[in-house]
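Participant: Sequence below, structure please.
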Amino acid sequence: MRPRSERLAPADEANLVLDHAGQVNVFLVAGTLSPGGFVDADGRADVAALRAALHDRTAALPALRKVLAIEGRHHVWRESEPDLTLHVRETARVAGIEGLESLCARLMTVPLDMRRPLWEMLIVPGAGPAGPAVVLRIHHAIADGMAAIAIVHQLFDASTPGAPVAPARRPPSRRRLRARLGYGLHRIRATLFGREVGETVLLGDRSDNRGVLFLDADLSALETRTRRQGATINDGLLAAVAAGYRAALTAAGEQIPQQLPVSIPVALDRRGSAGNQVGVMLARLPLGVSDHDERLALIAAQTRAEKGVARDQGTLEFMRGPIGARVMDRLARGQHLVGGFVTNVRGPAARQRLAGAPIDRIWPIAVIAANVRLGVAALSVGGRLCCGIHFDEANVPGAEFARAMREELDRLVSASGRVTNLDS
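Facilitator: Got it, this is the predicted structure:
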């Protein structure tokens, strides 16, 4: 009997289009583990015990039990039992956090096997101070950032409520629908013809020589400091990212522009079966402003105005189906509308475990796509703001970006919650 199939939602199939040579479209998180559960007191992992612990969890997660197939002109999902000996495996030993960063950088150029369910979990010996690391990759055709974090929460030991979803909103009025149409046409024109970013090292053909660097900061301290100025944690993150871009451009010998537009995903209402339900906000980071407080205030004013508009507008017009995604994918290779990507997802408030092993830190890695050479992903989890910087190491001074971003986060948090420099 032919297995039951389910056609991909248009937005999910659009994300499938964006996965090709030089652009691996996956959600990746990496975390270090301490002894407990499947990790013994010496930090050694019993991968067989981990697979046994994950068997029932994967059975309860339909997103991890489906494989791609083609029916006619469309992609469909078919249920498939994942072989955990292939999906959950141990890698070669690495040398500490730097080795884990290098491994994650390489993985952002390695596609998932399309013949199997589109995810994998790797156990990485030698990465953490007391135990191995875990690296989880999930294809974006399955899930956007929020949906992926919900999967992570269910796959790991979930003792606390999962990541929040976007609040439900009232159906749009006719007036709002007209406004959406007008704004949608504006976004299409901007995507096709926008040129807000000049020639810069931040844009261009990407090499396969990728870099990844991790940072994290005390979440409560950052929230306290940003709230005093009428800003949010995300605004503080963007201020730190702006400092990073200033430093990277200075190191590259480029003139600092007054503004640098970056693309920021915005969570939408969760409706229907699509794994991708995300809008896009454009934020113009004020790189020409040297005063830290003024820079934060300018960013906060922008995000207050733009976030609601982005949520009302919904999914980017070109990402509502595979045809638009193909058009955008071709055009975006020469785009000058944005200079970077920044994403921030809220995760569980409490620290989590994987099959009984405590997770000490966990960092997300952003996809860099089109002609963009640097992106930042952040995850609020366990009282920390955990950030992953992904960049084209052959073209972008990512270490300078990370140093300045770390210093700006350090300035924003209190002395008791300083940023952790994970490479020192």
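Participant: C-alpha only now, for contacts and for neighbours.
Facilitator: OK.
Participant: Please name the residues that touch the residue nearest the centre of the chain.
Facilitator: In the chain, the residue lying closest to the centroid (Cα atoms, centre = their mean) is Ala366, at 3.9 Å. By Cα atoms under 8 Å, 6 or more residues apart in numbering, the contact list for Ala366 reads 27-28, 341-343, 375-377, 388-390.
Participant: What of Ala370?
Facilitator: Applying Cα under 8 Å, 6+ apart, we find Ala370 in contact with 329, 332-335.
Participant: Gly356 too?
Facilitator: Residues in contact with Gly356 (Cα under 8 Å, 6+ apart) are 36-38, 157.
Participant: who wins for most neighbours among those residues?
Facilitator: Phe38 (21 neighbours; other Cα atoms under 10 Å).
Participant: thinking again about what came up before, save the contacts of Ala366 as a markdown table, and put in pLDDT and distance to Leu296 too.
Facilitator: Below are the contacts of Ala366 laid out as a markdown table (pLDDT from 0 to 100; distance: Cα to Cα, whole Å):
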| residue | pLDDT | distance to Leu296 |
| --- | --- | --- |
| Phe27 | 94 | 28 |
| Leu28 | 96 | 29 |
| Phe341 | 96 | 18 |
| Val342 | 97 | 16 |
| Thr343 | 95 | 17 |
| Gly375 | 97 | 20 |
| Val376 | 98 | 18 |
| Ala377 | 97 | 19 |
| Gly388 | 98 | 21 |
| Ile389 | 98 | 20 |
| His390 | 98 | 23 |
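Participant: for these, which one is nearest Gly279?
Facilitator: Of all the contacts of Ala366, Thr343 has the smallest distance to Gly279: 11.5 Å, by Cα to Cα.
Participant: which residue sits closest to the closest one, ignoring its sequence neighbours?
Facilitator: Closest residue in space to Thr343, ignoring its immediate chain neighbours: Ala377 at 4.8 Å, by Cα to Cα, 6 or more residues apart in numbering.
Participant: and the one you found, which of the three is it?
Facilitator: strand (DSSP: H, G, I helix; E, B strand; the rest coil).
Participant: The one 3 residues further on too?
Facilitator: What three-state DSSP gives for Ser380 is strand.
Participant: what's the pLDDT at it?
Facilitator: Here, the pLDDT recorded for Ser380 equals 93.
Participant: Ile264 versus the closest residue to it other than its chain neighbours, what's the distance?
Facilitator: With sequence-adjacent residues excluded and distances taken as Cα to Cα, 6+ apart, Ser380 is closest to Arg346, at 4.8 Å. Separation of Arg346 from Ile264 (Cα to Cα, to the nearest Å) stands at 14 Å.
Participant: Compare those two (neighbour count), which wins?
Facilitator: Shown here are Arg346 and Ile264; by other Cα under 10 Å, Ile264 has more neighbours (22 against 17).
Participant: any idea how far the more buried one is from Glu400?
Facilitator: Counting by Cα to Cα, the gap from Ile264 to Glu400 is 22 Å.
Participant: Quickly list the domain ranges of the chain.
Facilitator: Per automatic domain parsing, the structural domains of the chain span 5-155, 174-421.
Participant: among those domains, which gets the worst mean confidence?
Facilitator: Among the domains of the chain, domain 174-421 scores lowest, at a mean of 89.
Participant: and the gap between the closest residue to Ala350 other than its chain neighbours and Ser263?
Facilitator: Ranked by Cα to Cα, 6+ apart and with sequence neighbours excluded, the top spatial neighbour of Ala350 is Gly382, at 4.4 Å. According to Cα to Cα, Gly382 and Ser263 sit 26 Å apart.
Participant: re earlier: got a list of what the residue nearest to Thr343 touches?
Facilitator: Taking Cα under 8 Å, 6+ apart, we find Ala377 in contact with 342-344, 364-366, 387-389.
Participant: Tell me how far it lies from Ala53.
Facilitator: Using Cα to Cα, Ala377 is found at 29 Å from Ala53.
Participant: tell me what the longest helix belonging to the chain is packed against?
Facilitator: Secondary structure assigned by DSSP state H gives helix 292-313 as the longest helix of the chain. Using 3 or more Cα pairs under 8 Å, 6 or more residues apart in numbering; DSSP states H and E, the elements in contact with helix 292-313 are helix 174-193, helix 233-251, strand 260-267, strand 278-285.
Participant: and it, C-alpha only, in CSV?
Facilitator: Written as CSV, here are the backbone C-alpha positions of helix 292-313 (Å, rounded to 0.1, in the frame of the first residue of the first chain):
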residue,chain,number,x,y,z
HIS,A,292,25.7,54.2,23.1
ASP,A,293,22.5,55.4,24.7
GLU,A,294,21.4,57.4,21.7
ARG,A,295,22.0,54.3,19.5
LEU,A,296,19.8,52.1,21.7
ALA,A,297,17.1,54.7,21.8
LEU,A,298,17.0,55.1,18.0
ILE,A,299,16.8,51.3,17.6
ALA,A,300,14.0,51.0,20.2
ALA,A,301,12.0,53.7,18.4
GLN,A,302,12.3,51.8,15.1
THR,A,303,11.3,48.4,16.5
ARG,A,304,8.3,49.7,18.4
ALA,A,305,6.9,51.1,15.1
GLU,A,306,7.9,48.3,12.8
LYS,A,307,7.2,45.1,14.7
GLY,A,308,3.4,45.4,14.7
VAL,A,309,3.5,46.3,11.0
ALA,A,310,5.6,43.3,10.2
ARG,A,311,3.2,41.0,12.2
ASP,A,312,0.2,42.5,10.5
GLN,A,313,1.8,42.1,7.0
